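Peer 1: predicted model and sequence below, questions to follow.
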Amino acid sequence: MAELPGIVITGASGRMGQMLVHTVMASDAARLVACVERTGHPWVGRDVGACMGGGDIGVLVTDDPLEAFARAQAVIDFTVPAATVEFAALAAQARAVHVIGTTGLEAEHLGRIAAASRHAVIVRAGNMSLGVNLLVQLTRKVAAALDADWDIEVVEAHHRMKVDAPSGTALMLGEAAAEGRGVVLDDVADRGRDGITGARGRGRIGFAAIRGGDVVGEHDVIFAADGERIVLRHLATDRAIFARGALKAALWGQGQKPGEYDMLDVLGL
Ligand SMILES: NC(=O)c1ccc[n+]([C@@H]2O[C@H](COP(=O)([O-])OP(=O)(O)OC[C@H]3O[C@@H](n4cnc5c(N)ncnc54)[C@H](O)[C@@H]3O)[C@@H](O)[C@H]2O)c1
Ligand SMILES: O=C(O)C1=N[C@H](C(=O)O)CCC1
């Protein structure tokens, strides 16, 4: 019988990394072959099961990504932008599918990821959950149905440790709203208001970010007109939804042609 696809998890000690270790270990469709952490991290050189407070599971944490990727069919990566662009080049070299959940990526990072995707399959999404990707499609449809009398605002809330704003999900929703309306998000985005801002501009898409406590992730897309409002909402209460989506993407990516894909491709939405 053929071996199950081997998975490497980068950033294994992180909030998402640990959730991914549990998810892959519990799966009967994939096997965990290695975990990667940054050089100097106390988990490097140790068994990941023991690091997470259980018994050994025979999977080591390494700070040598290329050696780990060369033993795998997919890399699931929820880390930081600087690491993710390095991993994109290394995963392409190892011909492993690279699933990118990292957010806060800027134009320079996106360019390097696009370059790597000429040689490898990359699946990238600011949110890997089924619910949010459905919400993306709904947002595009609602925005296409309404004119600019309806002001669009994206409001998101996350835990106190989140380092980027607006969230990757909020930007996906903003992109979908802009596409539905037939405009370019960068031309109409209001990403942070403070002081005497003046009245809201017609056709703008606004973003607001709340940070506090242990909020896993909450997103509202508000369509506000005179006398009525539509609110599309997604509430995440468990990071398992992101990990399940990422593993699905890693398996879906096997055998696909090189290129950059997103969760709408994976989920067929
Ligand atoms: N796309 C999604 O569905 C989704 C869902 C949740 C989180 N995220 C994103 O995933 C990222 C991580 O989130 P988190 O809450 O797990 O953060 P976290 O800070 O808990 O974990 C990040 C991990 O990356 C590790 N890391 C940093 N540099 C590294 C390197 N060079 N090599 C290896 N590991 C390295 C850190 O040591 C840490 O363990 C964020 O960008 C977040 O927005 C995306
Ligand atoms: O916890 C985080 O960080 C999350 N990041 C993603 C985002 O930026 O949208 C997805 C939700 C959780």
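Peer 2: That came in fine, so what should we check first? Residues are numbered from 1 along each chain as shown. Ligands and ions are numbered 1, 2, ... in the order given.

Peer 1: contact residues of the stretch 51-200 of the chain facing ligand 1?
Peer 2: Taking C-beta under 6 Å from any ligand atom as the contact definition, the stretch 51-200 of the chain meets ligand 1 at 78-80, 83, 101-104, 125-128, 168. Where C-beta positions appear, they are placed from N, C-alpha and C, glycine not excepted.

Peer 1: which two in the residues you listed are spaced the farthest apart?
Peer 2: 83 and 127 (19.5 Å; C-beta to C-beta).

Peer 1: how many neighbouring residues does residue 38 have?
Peer 2: Neighbourhood size, residue 38 [other C-beta atoms under 10 Å]: 14.

Peer 1: how near is it to ligand 1?
Peer 2: As judged by C-beta to the nearest ligand atom, to the nearest Å, residue 38 and ligand 1 stand 4 Å apart.

Peer 1: that residue belongs to a strand?
Peer 2: No. Secondary structure of residue 38 (DSSP: H, G, I helix; E, B strand; the rest coil): coil, not part of a strand.

Peer 1: quick one: it and residue 83 touch, right?
Peer 2: Yes. Residue 38 is within contact range of residue 83, at 7.2 Å (criterion: C-beta atoms under 8 Å).

Peer 1: hang on, the earlier thing: which one of residue 83 and residue 127 is surrounded by more residues?
Peer 2: Remark: of residue 83 and residue 127, residue 127 carries more neighbours, 27 against 16, as counted by other C-beta under 10 Å.

Peer 1: was I right to think that one contacts residue 242?
Peer 2: Yes. The criterion here is C-beta under 8 Å, and residue 127 meets it with residue 242 at 7.0 Å.

Peer 1: secondary structure and pLDDT for the residues of the stretch 51-200 of the chain next to ligand 1 - can I get that in JSON lines?
Peer 2: JSON lines is the format used below for these (DSSP: H, G, I helix; E, B strand; the rest coil; pLDDT from 0 to 100):
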{"residue": "78", "secondary structure": "coil", "pLDDT": "98"}
{"residue": "79", "secondary structure": "coil", "pLDDT": "98"}
{"residue": "80", "secondary structure": "coil", "pLDDT": "98"}
{"residue": "83", "secondary structure": "helix", "pLDDT": "98"}
{"residue": "101", "secondary structure": "coil", "pLDDT": "98"}
{"residue": "102", "secondary structure": "coil", "pLDDT": "98"}
{"residue": "103", "secondary structure": "coil", "pLDDT": "98"}
{"residue": "104", "secondary structure": "coil", "pLDDT": "98"}
{"residue": "125", "secondary structure": "coil", "pLDDT": "98"}
{"residue": "126", "secondary structure": "coil", "pLDDT": "98"}
{"residue": "127", "secondary structure": "coil", "pLDDT": "98"}
{"residue": "128", "secondary structure": "coil", "pLDDT": "98"}
{"residue": "168", "secondary structure": "helix", "pLDDT": "98"}
